[in-house]
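Visitor: Make a model of this:
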Amino acid sequence: MPPARFYQSASLRNFAGIPIDNPSYPQWIEFRLLAIRMAERSFIKRSRTCCMETLLPWLTLKSVRGVGNLLIRRLIRHFQTPERVLNASRDELLAVDGINSRSAAALMNHQTPDWVKRELDRLDKSPVRIVTMTDPEYPPLLLEISDPPPYLYVYGSLEQSDRSVAVVGSRNATDYGISATRSLCRDLAAYKLTVVSGLARGVDTAAHKGAIEGKGRTIAVMGSGFNNIYPPENRRLAKRIAEHGAVISEFCLSAGPEAHHFPIRNRIISGISLGTLVVEATRKSGSLITARLAAEQNREVFAVPGSVHSFKSTGTHTLIKQGAKLVEHAKDVIDEFGPFNLHVRTGGLSSENSDRRIPTLSDDEATVFKALSVYPVHIDELARKLSIPSGMLSSALLQLELKGLVRQAPGNLFSIEPESTA
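Guide: Model (predicted):
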């Protein structure tokens, strides 16, 4: 049994609030655990209070009318901390490029609005945290753009070792677009590249899922706050992404998915990435905004070609004409980032580098297979095109489906499995 003087430690007795006189061994354990739990709670409370006090100047600075991200970046570069910015004199503020008399007066006279304190209270009860631009966790590539957000709301983990590629495209993607995205992102994850996308329907969702399937990291950049994850059906996916990377936003917790938020968030998608890959997009797609931002940020732009008959590929084809690199396989992306092709995850790739055995096809199966593409076609149209009996066609399609070369979609639509063309 431990010596009595250990039990009768004044700090332990006073901390637990119970006098200890010759306790038995089980009592000693119970009081010791109680003391540890109380100490942990006290430490966590002090840490949270300290964290909230540190964040208060950041949110206050962000709330100053007429002072945007560009000016905040310059102010932080000059003064190092938001506290110093808010306490600076008029002459000190005017010494910063872009600060005029009006913005200097706004900074000097600004008071912390009530919503900032409410935001911090909500944040204190949330798994979401704030990472500021002076934190080591803040994405380093994002600091290179002209107007990085002064802080990010983060659910999950950001890593300095992240080497990211943005993958974006149509919200109403075709089966070909979804399958191509998922396959490419699995392979990019195999090369230890972090896949960045926007958590939207279609290509974005396929990109995140593909990265997770490839046992890699993925980052979702939202156009809303964490209290309004959009689209709602991706809430469960957002949780999975946080377990394999991070979900981030520059918008306050209660911000809704407003239309003007999405072009704003696109600069973050491209800004934290080495390059942007567009899978399927029309000429007016928001994905082309992300591609343009990537080019303006001096990042690589990639595009996956589609059918010349599909209007959903008009945007990607335009990008290719303008100089974007055409991508058929993940290695087309990797080749632009030379050092990364040396770091492949165990298990290899799912398509271009795998030793897939091509099944033997009968003459009828080969004829039908050659007539198909990755874009779905109705069985009746296929029968007219090939001029073969419907029974023979159905039998050939069934065999091709069993061999993993063809997929059937609702409505008797058939298409080639994209991986079978690799």
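Visitor: Can you name the residues that contact the nearest residue to Val165 once chain neighbours are set aside?
Guide: Take Val165 and drop its neighbours on the chain: the residue closest to it by Cβ to Cβ, 6 or more residues apart in numbering is Leu193, 5.1 Å away. To be clear about C-beta, it is placed using only N, CA and C from the backbone, and glycine gets the same treatment. By Cβ atoms under 8 Å, 6 or more residues apart in numbering, Leu193 lies in contact with 163-165, 216, 333-334, 337, 340.
Visitor: which residues in the stretch 151-300 of the chain form strands?
Guide: 151-156, 164-168, 194-197, 218-221, 245-249, 275-278, 300-303 (DSSP state E, counting those that start in this stretch).
Visitor: what's the fourth one packed up against?
Guide: Other elements packing on strand 218-221 under the criterion 3 or more Cβ pairs under 8 Å, 6 or more residues apart in numbering; DSSP states H and E are strand 194-197, helix 203-213, helix 235-243, strand 245-249, helix 261-271.
Visitor: mean confidence score for the first one?
Guide: Per-residue pLDDT values across strand 194-197 average out to 98.
Visitor: where exactly do the helices run in the stretch 51-200 of the chain?
Guide: Applying DSSP state H, counting those that start in this stretch to the stretch 51-200 of the chain gives helices spanning 69-79, 82-86, 90-94, 101-109, 114-124, 175-190.
Visitor: Could you report the neighbour count for the closest residue to Asn412 other than its chain neighbours?
Guide: Spatial nearest neighbour of Asn412, chain neighbours left out: Ile379 (4.5 Å); criterion: Cβ to Cβ, 6+ apart. With neighbours defined by other Cβ atoms under 10 Å, the count for Ile379 comes to 16.
Visitor: now the one 5 residues further on
Guide: Close neighbours of Arg384, defined as other Cβ under 10 Å, add up to 10.
Visitor: Does it lie in a helix or a strand, and which?
Guide: Per DSSP states H and E: Arg384 is located in helix 379-386.
Visitor: what residues does that helix touch?
Guide: 367-368, 371-372, 390, 393-394, 397, 412-414.
Visitor: For Asn109, state which of the residues you listed is nearest.
Guide: Leu413 (64.2 Å; Cβ to Cβ).
Visitor: now the closest one, nearest residue through space, not along the chain?
Guide: Distance criterion Cβ to Cβ, 6+ apart; nearest residue to Leu413, sequence neighbours excluded, is Pro376 at 3.7 Å.
Visitor: In this structure that neighbour contacts Phe414, no?
Guide: Yes - contact status for Pro376 versus Phe414: in contact at 6.4 Å, counting by Cβ atoms under 8 Å.
Visitor: who's in contact with the nearest residue to Val377 once chain neighbours are set aside?
Guide: Take Val377 and drop its neighbours on the chain: the residue closest to it by Cβ to Cβ, 6+ apart is Phe414, 6.2 Å away. By Cβ under 8 Å, 6+ apart, the residues touching Phe414 are 372, 376-379, 382, 397, 406-408.
Visitor: Kindly report the same for Gly306.
Guide: By Cβ under 8 Å, 6+ apart, the contact list for Gly306 reads 174, 176-177, 280, 312-313, 316-317.
Visitor: and what of Leu152?
Guide: Taking Cβ under 8 Å, 6+ apart as the criterion, Leu152 is in contact with 130-131, 138, 248-250.
Visitor: Most widely separated two among these?
Guide: Tyr138 and Ser249 (14.1 Å).
Visitor: So for Arg5, what's the pLDDT?
Guide: On the pLDDT scale, Arg5 is placed at 35.
Visitor: Can you tell me, leaving aside adjacent residues, what's nearest to Gly323?
Guide: Nearest non-adjacent residue to Gly323, counting by Cβ to Cβ, 6+ apart: Val301, 7.6 Å away.
Visitor: and that neighbour, what are its bridge partners?
Guide: Judged by DSSP bridges, the bridge partners of Val301 are Thr276.
Visitor: quick one: it from Asp147, how far?
Guide: In this view, Val301 and Asp147 are 20 Å apart by Cβ to Cβ, to the nearest Å.
Visitor: So which of those two has more stuff around it?
Guide: Val301 (23 against 14).
Visitor: check contacts around the closest residue to Ala189 other than its chain neighbours.
Guide: Once flanking residues are discounted, Ala189 sits nearest to Gly216: 2.5 Å by Cβ to Cβ, 6+ apart. Contacts of Gly216 were listed using Cβ under 8 Å, 6+ apart, and they are 188-190, 192-195, 244, 345.
Visitor: cool, Leu142 as well?
Guide: So Leu142 contacts 148-149, 268, 271-272 (Cβ under 8 Å, 6+ apart).
Visitor: which two in these are spaced the farthest apart?
Guide: The farthest-apart pair in the contacts of Leu142, when distances are taken by Cβ to Cβ, is Pro149 and Ile272, at 10.9 Å.
Visitor: Please parse this structure into its domains.
Guide: Here the domain parsing of the chain from automatic domain parsing is 161-222+258-342, 363-421.
Visitor: about what we covered before: of all the strands of the stretch 151-300 of the chain, which one comes closest to Gly210?
Guide: Of all the strands of the stretch 151-300 of the chain, it is strand 194-197 that lies closest to Gly210, at 7.1 Å by Cβ to Cβ.
Visitor: Thanks again, I'm all set now.
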